[in-house]
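# Provided below are the primary sequence and the corresponding predicted coordinates.
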Amino acid sequence: MASNQQALRELPSVESLAKSLSQESSLPRAMITAFIQRETRQFRSEILEGASPTRSEMEAEITHRLNTFSVSRIQPVINATGVVIHTNLGRSPLGAETAEALTKIATGYCNLEFNLAEGNRGKRAGYLETALASILETEAATAVNNCAAALVITLRHLCKGDKNEVIVSRGELVEIGGGFRIPEILETSGAKLVEVGATNKTHLDDYANAITPQTAMILKVHRSNFYIGGFTDDPSIQELAELAHKHGLPLIEDIGSGALLNTDTLAPIEHEPKPQDSLAYGVDLVCFSGDKLLGGPQSGIIAGKSSLIAGIKKEPFYRAVRCDKLILTVLQECIDTYLDTKSSNDTSKVPALDFISKDKGALEIRAKAIINSVPSELAKQLSISETTARTGGGTMPKSEIPSIAVRISPRSVSVNQLAYRLRTGNPAVVGTVVENMLHLDLRTVFENQDKHLTKAIITGLQD
């Protein structure tokens, strides 16, 4: 009991500790105070249960927890992992012109639902939808807040009453990020899953034999985040479209990654199916992500038959998943950029595509410049390493892009300590630990970030 009483008297003063920590933290003083109050309450409970920490131990622990909490705020990160579309790091970065347009809209008013020509209420996302339909060479298009929502609302529109069966190949029942699975998404929408074929082979007859009066649609899911090799077979999109239309059914495809250009012309990587090709082959509706190879914001795009798009937009659920002005602005700019890129083949304004297509030799020149900018006593711990970058984001899992990394073998700290110092620095730098060395892959580092990366390396290696 005596030790508990002593420990209670040792509890740090909230105001005193808050004043001290406020000098070192960028968090609002009120947030720091509230955080310390919560932590001291937790320590009080632990002490009453028998713990007996000293004041210095509690202050040190609170400081550590506050620092950990502070770096959890969304903030800029230098992505030196070599993963271009890094889901944990915000997926695809926006281009400079797109970011500038976003700033203008975010800091003022806009004509979100106002017709400037007529001076009355206007159509939401009218320009964007027309631009999407144009670049996808299809009848109509719309956008919602993510690709899962795009699939759910499509299913909700097409699966009504007893006509709610959705035919899907067993080899396409994929799991997407965060543990979400296609079967669960189907169930959420009220659809009834009808699995056909085997994991490695599904024949056209498997689909045909599964069609009943209760069938609402045939669903094709692109295996964008994994691949099956060896003894495999699937019917072509054209064959599936012909079968579906013969029975008066729509063919829907979730294509996932949203590649609008031929990816195999950007780098020595595989060809990713394009939504415009699927639509040309007879798919009635295609949906894909806006924040992967499209290089835009988190969103889901639905494109295809105008009658189906119109029906989807009339669904009451559509309002729950529609995009706000910020997402619409970024998508609008991204599509405009793609329309320009399509004619010029210049991908420099789309960072994700620019990273993928970046010349390996140019990366090596930058790596040498970074090492030469580091003090000689620290530069001895650095070297250039050939490495492999990836597209990431659940796209093109077989693709490996030759790349260059600055490799660090620290002497005064462990590699994990160095990685921690860089992750918690300003700006934060995230690399990968390989064979007890820290690799900083330059393929996913903007060239204008090289000076910040150099400074981070110097700070991280100093005692």
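Arrived safely.
# okay, and the helix or strand of this structure with the least pLDDT?
Of all helical and strand segments in the chain, the minimum by mean pLDDT, DSSP states H and E falls on helix 2-9, at a mean of 73.
# please name every helix or strand in contact with that helix.
If you count contacts as 3 or more C-beta pairs under 8 Å, 6 or more residues apart in numbering; DSSP states H and E, helix 2-9 packs onto helix 29-48. The way it works is simple: take the backbone N, C-alpha and C, and place the C-beta from them, glycine included.
# run the last query once more with 10 Å
helix 29-48, helix 55-70 (3 or more C-beta pairs under 10 Å, 6 or more residues apart in numbering; DSSP states H and E).
# out of the ones you listed, nearest to residue 334?
helix 55-70 (32.1 Å; C-beta to C-beta).
# next, the angle from the closest one to helix 29-48.
130 degrees (axes from the mean of the first three to the mean of the last three C-alpha atoms, to 10 degrees).
# show residues contacting helix 55-70.
With C-beta atoms under 10 Å, 6 or more residues apart in numbering as the test, helix 55-70 has contacts from 7, 9-14, 16-18, 20-21, 24-27, 31-32, 35-36, 38-40, 42-43, 46-47, 51, 53-54, 424.
# quick one: buried ones out of these?
7, 10-12, 14, 17-18, 21, 25, 27, 31-32, 35-36, 39-40, 43, 47, 53 (16 or more other C-beta atoms under 10 Å).
# low-scoring stretches of the stretch 351-463 of the chain, by residue?
394, 396-397 (pLDDT under 70).
# if we go to 80?
393-399, 463 (pLDDT under 80).
# residue closest to the middle of this protein?
Nearest residue to the geometric centre of the chain (C-alpha atoms, centre = their mean): residue 91, 3.2 Å.
# which ones are touching that residue?
So residue 91 contacts 84-85, 177, 289-292, 295-298, 352, 392-394 (C-beta under 10 Å, 6+ apart).
# any stretches of this structure with poor pLDDT?
For the chain, the ranges with pLDDT under 80 are 1-5, 7, 172-189, 223-232, 258, 261-272, 340-347, 393-399, 463.
# mind checking how far the helix or strand residue 403 falls within is from the chain centre?
Using DSSP states H and E, residue 403 falls within strand 401-408. Relative to its parent chain, strand 401-408 has a centroid offset of 22 Å by C-alpha atoms, centre = their mean, to the nearest Å.
# ok, residues contacting the least confident helix or strand of the chain?
For helix 2-9, the external contacting residues (C-beta under 10 Å, 6+ apart) are 43-44, 46-55, 57-58.
# of those residues, closest to residue 360?
residue 57 (50.4 Å).
# ok, how many other residues are close to that closest one?
Neighbour count of residue 57, defined by other C-beta atoms under 10 Å: 13.
# now the least confident helix or strand of the chain against helix 29-48, angle please.
170 degrees.
# just checking, what packs against the strand or helix carrying residue 99?
Using DSSP H and E, residue 99 maps to helix 96-106. Applying 3+ C-beta pairs under 10 Å, 6+ apart, one finds that helix 96-106 contacts helix 325-344.
# look up how far residue 219 lies from the nearest residue to residue 439 once chain neighbours are set aside.
Of all residues not flanking residue 439 in the chain, residue 405 sits nearest, at 4.3 Å (C-beta to C-beta, 6 or more residues apart in numbering). Residue 405 is 40 Å from residue 219, where distance means C-beta to C-beta, to the nearest Å.
# can you check residue 15 too?
60 Å.
# who has more neighbours, the two?
residue 219 (26 against 10).
# so that one sits against residue 183, correct?
No: at 11.1 Å, residue 219 does not count as touching residue 183 under the criterion of C-beta atoms under 10 Å.
# contacting residues around residue 461?
Per C-beta under 10 Å, 6+ apart, neighbours of residue 461: 374-375, 377-379, 381-382, 408, 410-413, 418, 421-422.
# oh, I was asking about residue 286
Counting by C-beta under 10 Å, 6+ apart, residue 286 makes contact with 136, 138, 141, 150, 154, 220, 222, 251-255, 258, 273-279, 301-304.
# same thing but 6 Å
For residue 286, the contact set (C-beta atoms under 6 Å, 6 or more residues apart in numbering) comprises 253, 255, 275, 278, 279, 303, 304.
# which of the contacts of residue 91 are buried?
84-85, 289-292, 295-298, 352, 392-394.
# measure residue 234 to residue 398 for me?
Remark: distance between residue 234 and residue 398 (C-beta to C-beta) = 17 Å.
# check residue 347 too.
21 Å.
# list phi and psi for residue 387.
phi -140, psi -180 (degrees, to the nearest 10).
# nearest residue to it in space, please, no chain neighbours.
Residue 387 sits nearest to residue 405 (C-beta to C-beta, 6+ apart), 4.5 Å away.
# burial count for the one you found?
Residue 405, neighbours per other C-beta under 10 Å, totals 28.
# who does it bridge with?
residue 385, residue 441 (DSSP bridges).
# residues touching it, list them.
Residue 405 neighbours (C-beta under 6 Å, 6+ apart): 385, 387, 439, 440, 441.
# rerun at 8 Å
Going by C-beta atoms under 8 Å, 6 or more residues apart in numbering, residue 405 touches 80, 82, 367, 384, 385, 386, 387, 431, 439, 440, 441, 442.
# any figure for the gap between the fifth one and residue 407?
From residue 385 across to residue 407, the span is 4 Å (C-beta to C-beta).
# between the two, who's got more neighbours?
Neighbour count, other C-beta under 10 Å: between residue 385 and residue 407, residue 407 has more, with 22 against 17.
# hang on, isn't the more buried one packed against residue 386?
No: in this structure residue 407 lies outside contact range of residue 386 using C-beta atoms under 8 Å: 9.8 Å.
# domain-wise, how is the protein divided?
Domain segmentation of the chain under automatic domain parsing yields 2-70, 77-90+355-461, 96-344.
# do you know how far residue 339 is from residue 131?
7 Å.
# which of those two has more residues huddled nearby?
A count of neighbours by other C-beta under 10 Å puts residue 131 above the other of residue 339 and residue 131, at 19 against 13.
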